[in-house]
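Chemist: Sequence first, predicted model second:
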Amino acid sequence: MRPHYHYAPARNWLSDPNGLVHANGEWHLFYQYNPHGEDWGHMAWGHAVSRDLAQWEELAPALLEDEREMVFSGSAVIDHANSAGFGAGAMIAIYTGARVGDAPRQEQCLAYSTDRGRCWSRYAGNPVVDRGLADFRDPNVFWHAPSRRWIMAVVLSAENAALLYASTNLRDWQELSRIDTLGAPGTLWECPLLIELPVEGTGTTRWLFKVDVLDGAPGSGAIYRTGTFDGTRFEADGTAWQVADLGRDFYAAIAWHEPRDAAGRPLWIGWMGNHAYQAKLPDKGWRGAMSLPRRLSLRDADGACHLIQTVEPAAVAGVMPIALQGAPCPIAGRLDLPGGQDWALQIADGAGRAIGAARSGGRITLTRRDPHAPYLDVEQVAEVPAALPLTGWIDNGSFELLGHDGAAAFTVQHLLGEDRRLTFTAAG
């Protein structure tokens, strides 16, 4: 069975979203992809496009490994002003070229397309940024209008740090500043994102810096801080690192920096996967799916800014509600879970696998149990307002639970069979 309303490739391995860009009415989703099988390896950029964020068309892979390197994660931009010299309106990918073997090395490279992302050429002057390191990856590039230049955030993975660079032409880069660990939990940073977000109800903005931590971080590994960015340096607020998703399977999320909605909110999307156990999942011809696209903003509460995520309505316009009265559970649908009362929800199959969510006052507990794959067993807890309703998005292979106020998110994979039954009990 395949997901009904989440993107997954027709076959083979999928992981980190890459190169999210919008052009000519199309949302482009590039991603880490293995053209040769459903295990990690031979990393390339897969490619899909959508006009409505609900229906996706998978295209031929955009960037394939060559005899020199694999194509690791990165970003893409539309060069409207022809600053790089590849043509006005060219789509330009900025990615990590990864050499493996006896002398591993990661360097930042360019490729460009002049036909709406269908055909690509590597820049002859690659690499454009190279520090001679084995762990230096995942460039995220955006246009910074106040300083009229491109900004790149890229991680020094083994150092739990990030560097910021600037360029006027995407080919020549100047190092600006460093974002240090600042007490972040876990080790091995990946997939940075630096983005300006609206602060709800204030008419102001704040900057968010997010990284994914491969080992030892809470939740899914995606952590963030808010602060200011002046075109040169990111200065974090005095608050501690926060967790973007409290589940186990929301990783490597990056954003379409543009376009934004009427409230100034961009979209991001994450890989519903976890490197700790992804390779252990049963073979089925394809492996990995993307989360639902989520709108991003910030909310100022208790003297700190918190990330707010709400599912993009267009992406779920055709998803039908599921009754909570019990009986067989559809493979895919929307679960509207009430606020103001305690309740317990479970979706289980005949093999003992189950996804559960329970509310006790202001506490939500999400559980995943799988006797056939015990490495998936997990229990995650979050505090949410007692009156807050939640929505559960169940699909083949995944479950996303988000509060209506956008402040809490849990994302997990599952291996439930088709014989699913739903039970729901509520107090009072």
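Modeler: Everything's here; your move.

Chemist: Tell me if I'm right that Leu59 and His47 touch.
Modeler: Yes: between Leu59 and His47 there is a contact under Cβ atoms under 8 Å: 4.5 Å. In this view, the C-beta of every residue, glycine as well, is placed from N, C-alpha and C.

Chemist: what touches both of the two?
Modeler: Gly117 (Cβ atoms under 8 Å, 6 or more residues apart in numbering).

Chemist: the strands in the stretch 201-350 of the chain, which residues?
Modeler: 204-215, 222-229, 234-236, 242-243, 251-256, 267-271, 286-287, 294-301, 304-311, 333-337, 343-348 (DSSP state E, counting those that start in this stretch).

Chemist: would you list every one of the helices in this structure?
Modeler: Here the chain has no helices by DSSP state H.

Chemist: Give me the below-cutoff pLDDT ranges for it.
Modeler: Along the chain, segments meeting pLDDT under 70 span 326, 428.

Chemist: what sits against Tyr5?
Modeler: Tyr5 touches Ala54, Leu292, Ala315, Val316, Gly318, Val319, Ala332, Asp395, counting by Cβ under 8 Å, 6+ apart.

Chemist: please redo it, this time with the cut-off set to 10 Å
Modeler: When contacts are counted by Cβ atoms under 10 Å, 6 or more residues apart in numbering, Tyr5 touches 54-56, 292, 315-319, 332-334, 393, 395-396, 398.

Chemist: try Ala88
Modeler: Residues counted as contacts of Ala88 (Cβ under 10 Å, 6+ apart) are Ile78, Asp79, His80, Ala81, Asn82, Thr114.

Chemist: Ala426 too?
Modeler: Residues counted as contacts of Ala426 (Cβ under 10 Å, 6+ apart) are Leu324, Leu337, Pro338, Gln341, Asp342, Trp343, Ala344, Leu345, Arg359.

Chemist: Going through those, which ones are buried?
Modeler: Leu324, Leu337, Trp343, Leu345, Arg359 (16 or more other Cβ atoms under 10 Å).

Chemist: thought the fourth one was touching Gln325?
Modeler: No: here Leu345 does not reach Gln325: they are 11.8 Å apart, not a contact under Cβ atoms under 10 Å.

Chemist: shared neighbours, these two?
Modeler: Taking Cβ under 10 Å, 6+ apart as the criterion, Leu345 and Gln325 both touch Leu422, Thr423, Phe424.

Chemist: Which one of the residues you listed is nearest to Trp271?
Modeler: Closest approach to Trp271 among the shared contacts of Leu345 and Gln325 (Cβ to Cβ): Leu422, at 26.9 Å.

Chemist: Tell me, how many residues neighbour Thr239?
Modeler: Neighbour count of Thr239, defined by other Cβ atoms under 10 Å: 14.

Chemist: For it, which non-adjacent residue is closest in space?
Modeler: Excluding the flanking residues, the one nearest Thr239 by Cβ to Cβ, 6 or more residues apart in numbering is Ala304, at 4.2 Å.

Chemist: go on, Gly417?
Modeler: Asp349 (4.1 Å).

Chemist: Hmm, Pro371 and the one you found touching each other?
Modeler: No: contact criterion Cβ under 10 Å: Asp349 and Pro371 do not qualify, at 11.0 Å.

Chemist: Tell me which of the two has more neighbours.
Modeler: Comparing Asp349 with Pro371 by other Cβ under 10 Å, the one with more neighbours is Asp349, at 18 against 11.

Chemist: residues contacting the more buried one?
Modeler: Asp349 makes contacts with Cys329, Ile355, Asp370, His414, Leu415, Leu416, Gly417, Glu418, Asp419, Arg420, Arg421, as judged by Cβ under 10 Å, 6+ apart.

Chemist: again, only this time at 7 Å
Modeler: Leu416, Gly417, Asp419, Arg420 (Cβ atoms under 7 Å, 6 or more residues apart in numbering).

Chemist: try Ala158
Modeler: Ala158 touches Asp135, Leu188, counting by Cβ under 7 Å, 6+ apart.

Chemist: what do you get for Ala387?
Modeler: For Ala387, the contacting residues are Gly339, Gly340, by Cβ under 7 Å, 6+ apart.

Chemist: Equivalent analysis for the one 4 residues further on, please.
Modeler: With contact taken as Cβ under 7 Å, 6+ apart, Thr391 is in contact with Arg334, Leu335, Asp336, Leu337, Leu402, His404.

Chemist: repeat that with 8 Å
Modeler: By Cβ under 8 Å, 6+ apart, the residues touching Thr391 are Val311, Arg334, Leu335, Asp336, Leu337, Leu401, Leu402, His404.

Chemist: Looking at neighbours, which among the contacts of Asp349 is most surrounded?
Modeler: Busiest of these [other Cβ under 10 Å] is Leu416, holding 23 neighbours.

Chemist: Please verify my assumption that that one contacts Gly350.
Modeler: No: taking contacts as Cβ under 8 Å, Leu416 lies outside contact range of Gly350: 9.9 Å.

Chemist: what touches both of those two?
Modeler: Counting by Cβ under 8 Å, 6+ apart, Leu416 and Gly350 have no common neighbour.

Chemist: Domains in this structure, by residue range?
Modeler: 12-313, 319-426 (automatic domain parsing).

Chemist: For the first one, measure first residue to last.
Modeler: Its start and end residues considered, domain 12-313 measures 29 Å (Cα to Cα, to the nearest Å).
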